[in-house]
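Colleague: here is the input, now give the coordinates:
(one chain, ligands or ions: 1)
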Amino acid sequence: MREAIANAVVGDEQRREDPTVNELERRVAELLGQEEAVYVPTATMANEIALRTLAEPGAELIAEENAHLLLSELGGPAVFAGLMTRPIRGDRGRFGPDEVQRMVRRTDATHTPPTRVVAIENTHNASGGRVWPLEEIQALVATCRELELSVHLDGARLLNASVASGVPAAEIARQFDTVTLCLSKGLGCPLGALVAGSHVLMRTARRFKHQFGGAMRQAGIVAAAGIYALDHNVERLADDRPGSMRLTTTSSASRTITPGRGGSQRDCERPAFRSTSSRSRRTSSSLTSVRSGSIRAMPSRV
Ligand SMILES: Cc1ncc(COP(=O)(O)O)c(C=O)c1O
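Modeller: Predicted structure coming up:
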């Protein structure tokens, strides 16, 4: 990966003249079964750009109560997209069409904020990296379509879900209007994420990327790491599963997850990437060794 970074061909990314960024965006769009992907520095920014693209301020976002979007982005949906957030109490990070039917606010009401976006997270970080079954996603998206709601997938670790479930990433991701994919998690890049969707949506997303300060210059330096990761590190995600299962089993012996934070007890159902315990956090962060101010070439696959 370090060699790929050193040899990257670069250009002005803001002007879309960086061939390495352009190639990464093309590869990820294809991988996700979407028309276009936009490279940004972080998955948080990708999520926020997606939400800003999908809905106007004053509208409402439905997401699971422990979704990264609601729990760990410092109120970003409100700050950057002006969205009201309505948390759903999920079961191990998941919720179904019935909950959406129950929560949705009709858009023709004169006083209430209209529900516009439903977001899900796959894998679901706060529940230990659990995977959404494909049929559940399909049923949820079908209901959202009936209700004319946009759907966003926070797929920061979508490739972990794909590897764990055996379902191609595109089959999962193409159902959504917008998708976030992160390169700095299990794929081992120093930074980088992408937001993907239709050409029309991504044209708007590129404007917000610039407005949010995410338009870069010679970003091919880091995009090269992303291409390297797609070529070399995706299949290796499968190696993480036995390790994460071991960590999960060990940590669950000394820890109970409270209801509403990912189920009553960790049951190793499908932790596709890692445990959220302090023990595993220490272990996983130690995989990305920062030595003398630089990141070692070893893929962290956290
Ligand atoms: C599901 C999910 N989405 C988004 C993010 C944000 O990623 P980043 O740190 O690149 O902003 C994370 C980070 O852990 C995450 O777990």
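Colleague: find the residue closest to His124 in space, skipping its chain neighbours.
Modeller: Computed as CB to CB, 6 or more residues apart in numbering, the closest residue to His124 that is not its neighbour in sequence is Gly93, at 2.8 Å. The way it works is simple: take the backbone N, C-alpha and C, and place the C-beta from them, glycine included.
Colleague: the one you found is in contact with Ala126, isn't it?
Modeller: Yes - between Gly93 and Ala126 there is a contact at 6.6 Å, judged by CB atoms under 8 Å.
Colleague: before we move on, back to that, in contact with the residue nearest to His124, which residues?
Modeller: Contacts for Gly93 (CB atoms under 8 Å, 6 or more residues apart in numbering) come out as 64, 66-67, 121, 124, 126-127, 130, 132, 262.
Colleague: for it, give its distance to the ligand.
Modeller: 10 Å (CB to the nearest ligand atom, to the nearest Å).
Colleague: same for the one helix or strand Ala225 maps to, what does it pack against?
Modeller: Using DSSP states H and E, Ala225 maps to helix 220-232. When contacts are defined as 3 or more CB pairs under 8 Å, 6 or more residues apart in numbering; DSSP states H and E, helix 220-232 packs onto helix 2-6, helix 19-32.
Colleague: residues contacting Ala223?
Modeller: Ala223 neighbours (CB under 8 Å, 6+ apart): 8, 18, 20-21, 23-24, 39, 192.
Colleague: mind running it again at 10 Å?
Modeller: By CB atoms under 10 Å, 6 or more residues apart in numbering, the contact list for Ala223 reads 4-5, 8, 10, 13, 18-25, 27, 39, 183, 189, 192, 194, 216.
Colleague: likewise for Gly155?
Modeller: By CB under 10 Å, 6+ apart, the contact list for Gly155 reads 32, 43, 46, 120-123, 132, 161-162, 169, 172-173, 176, 178-182, 193-194, 196.
Colleague: which residues in the stretch 51-200 of the chain form helices?
Modeller: Under the criterion DSSP state H, counting those that start in this stretch, the stretch 51-200 of the chain contains helices at 68-71, 76-81, 97-103, 134-146, 158-165, 169-173, 199-211.
Colleague: so which bits of stretch 150-166 are buried?
Modeller: 150-165 (16 or more other CB atoms under 10 Å).
Colleague: any bit of it sitting next to the ligand?
Modeller: Yes - interface with the ligand: stretch 150-166 contributes 154, 156 (CB under 6 Å from any ligand atom).
Colleague: for that stretch, list the C-alpha coordinates in PDB.
Modeller: C-alpha atoms of stretch 150-166 as PDB (Å, rounded to 0.1, in the frame of the first residue of the first chain):
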ATOM      1  CA  SER A 150     -35.400   8.000   0.300                       C
ATOM      2  CA  VAL A 151     -33.100   5.300   1.700                       C
ATOM      3  CA  HIS A 152     -29.500   5.700   2.800                       C
ATOM      4  CA  LEU A 153     -27.100   2.900   3.600                       C
ATOM      5  CA  ASP A 154     -24.300   3.700   6.000                       C
ATOM      6  CA  GLY A 155     -22.200   0.900   4.600                       C
ATOM      7  CA  ALA A 156     -19.000   2.100   6.200                       C
ATOM      8  CA  ARG A 157     -18.300  -1.700   6.700                       C
ATOM      9  CA  LEU A 158     -20.500  -3.000   3.900                       C
ATOM     10  CA  LEU A 159     -17.700  -5.200   2.600                       C
ATOM     11  CA  ASN A 160     -17.500  -6.900   5.900                       C
ATOM     12  CA  ALA A 161     -21.300  -7.600   5.600                       C
ATOM     13  CA  SER A 162     -20.800  -8.800   2.100                       C
ATOM     14  CA  VAL A 163     -17.900 -11.100   3.000                       C
ATOM     15  CA  ALA A 164     -19.700 -12.400   6.000                       C
ATOM     16  CA  SER A 165     -23.100 -13.100   4.300                       C
ATOM     17  CA  GLY A 166     -21.800 -14.100   0.900                       C
END
